[in-house]
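**Student:** got a predicted structure here, sequence first:
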Amino acid sequence: MTNPNEITPHLFRTEYSKIVAVLCRSFDIKHIEIAEDIASETFLKASEYWAVNGLPDNPAAWLYTVAKNKAKDYFKHLSIIEKNKEEVRATEKEHLTIDFDTKNITDSQLEMIFATCNPVNSRETQICLALQILCGFSVEEIANAFLSKTETIKKRLQRGRETLRTHHFTIDSLREQDIHQRLETVLTTLYLLFNEGYFSRTNTLLIRKDLCLEAIRLTLILTDHQFTNTPKTNALLALMCFQSSRLDARTNDEGKAILFDEQDITLWNKALIEKGNYYLIEACKVDSTSVSKYHLEAGIAYWHTSSAKDKWQHILNLYNQLVIIEYSPVTALNRAFAFSKVYGNEMAVTEAEKLNLTDNGYYHGLLGYLYSETQPDQAIYHFEEAIRLTKSKPEKETLQKQVNLLKNPK
């Protein structure tokens, strides 16, 4: 018999946001706290009931039924207490139709994605709201992701939620133009959500597959809607598929990082690579001249899954374009790594040192790698600087391993 304690956390990640989204769509997003309370109570009842009676045949359907009944009970109770107050109109809520069919779940989540990614809020606030509402993260988890104090995150979420309550939002009421105005923010949020899962800089785990899967699931929803199924959306989904295809090869059984050159390519997920190919082709169908950063990053991720002899030249060419359209230190450092694969470590050292990112741990990590074969003392210095600057425990362990190998060569 399946242990309910093992499956409940997984269901919470996959079903909590669906329940909240459907309830909010049924009785307005300004009642989001009520929807979240009902969803939380539903999971509490599930953990208690399943522990005694075992899992039902369809756990998700069981949760939907309980959530629907709790919502109706709530408004029925409210109608009794507030029956003389016209402004409440609770008796209308008592007769709400709450459907958990596939289409309504998808539409509700799409609506919630755009509601949480309201450009009135700062980008950080949007991500915080998305992590909490769409993924069911606790305040502590979000604070850990942002390296912030829990009180800071609480205040940020409170301000963001107030915006959700005052800026009424429904997908049906928006024009195509309005959706496209918000889409860039939505894609950015999902991109950052995926990146935190793909390479967690703040968690004790280097890779958080739950975040990667959640980002993919939400992006898939966008590709199913006529207004959000854009080339950029498909390019982002292609990027996620390519990157996810190599997750199992990036860490060992103990969760320790495995460097790219040492990865077992037989562990790469071919099905995800094929899906990445499909979505990348879709991304280039409508307008092949409109290239976004997602197109370029998806192309880079594609070549990473290739065994072609000239793949690093293709990767370098794409990075050359990427640093022009959207420069970032990480992109520049990744370009320098690709440069080393094409022109050798010695020339790459000169290229990397031009960046002069002395306060960046990845800068020192790259130089440590580039100096390893020719100047071990320099390599050790840079690896130790990288250890000092990074906050990720798994990354510190990987860097220390490189230092130990240089100090004690076989």
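**Tutor:** Cool, got the structure. Residues are numbered from 1 along each chain as shown.
**Student:** if you skip the residues just before and after it, what's nearest to L357?
**Tutor:** Residue nearest to L357 in three dimensions, not counting chain neighbours: Y363, with 3.8 Å by Cβ to Cβ, 6 or more residues apart in numbering. C-betas here are computed from N, CA, C, even on glycine.
**Student:** quick one: contacts for the one you found?
**Tutor:** By Cβ atoms under 8 Å, 6 or more residues apart in numbering, the contact list for Y363 reads 329, 333, 352, 355, 357.
**Student:** mind checking the SS state of it?
**Tutor:** Using DSSP: H, G, I helix; E, B strand; the rest coil, the three-state assignment for Y363 comes out as helix.
**Student:** again, but for L55
**Tutor:** coil.
**Student:** distance-wise, check it relative to V66.
**Tutor:** If you measure L55 against V66 using Cβ to Cβ, to the nearest Å, the figure is 14 Å.
**Student:** likewise for K209?
**Tutor:** According to Cβ to Cβ, K209 stands 28 Å off from V66.
**Student:** with neighbour numbers in mind, choose between those two.
**Tutor:** In terms of neighbours (other Cβ atoms under 10 Å), V66 is the more surrounded of K209 and V66; the figures are 19 against 13.
**Student:** okay, and the more buried one sits in which element?
**Tutor:** According to DSSP states H and E, V66 maps onto helix 59-81.
**Student:** how about that helix as CSV, C-alpha atoms only?
**Tutor:** Taking only C-alpha atoms (Å, rounded to 0.1, in the frame of the first residue of the first chain), the coordinates of helix 59-81 have been written out as CSV:
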residue,chain,number,x,y,z
PRO,A,59,-6.6,11.3,-4.6
ALA,A,60,-6.9,14.5,-6.7
ALA,A,61,-10.6,14.0,-7.3
TRP,A,62,-11.1,13.4,-3.6
LEU,A,63,-9.3,16.7,-2.9
TYR,A,64,-11.5,18.6,-5.4
THR,A,65,-14.7,17.2,-3.9
VAL,A,66,-13.7,18.2,-0.3
ALA,A,67,-12.5,21.7,-1.5
LYS,A,68,-15.8,22.2,-3.3
ASN,A,69,-17.9,21.2,-0.2
LYS,A,70,-15.8,23.3,2.1
ALA,A,71,-16.3,26.4,-0.2
LYS,A,72,-20.1,25.9,-0.2
ASP,A,73,-20.1,25.3,3.6
TYR,A,74,-18.1,28.5,4.1
PHE,A,75,-20.5,30.7,2.2
LYS,A,76,-23.6,29.0,3.6
HIS,A,77,-22.3,29.7,7.1
LEU,A,78,-21.4,33.3,6.1
SER,A,79,-25.0,33.8,4.7
ILE,A,80,-26.4,32.9,8.1
ILE,A,81,-24.2,35.3,10.0
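**Student:** now for that helix, which elements pack on it?
**Tutor:** In terms of contacts (3 or more Cβ pairs under 8 Å, 6 or more residues apart in numbering; DSSP states H and E), helix 59-81 is packed against helix 4-27, helix 32-53, helix 90-94.
**Student:** most packed of those?
**Tutor:** Stretch with highest mean neighbour count among the helices and strands packed on helix 59-81: helix 4-27 (a mean of 20; mean count of other Cβ atoms under 10 Å).
**Student:** quick check on Q177: phi, psi?
**Tutor:** Dihedral pair for Q177: phi -60, psi -40, per degrees, to the nearest 10.
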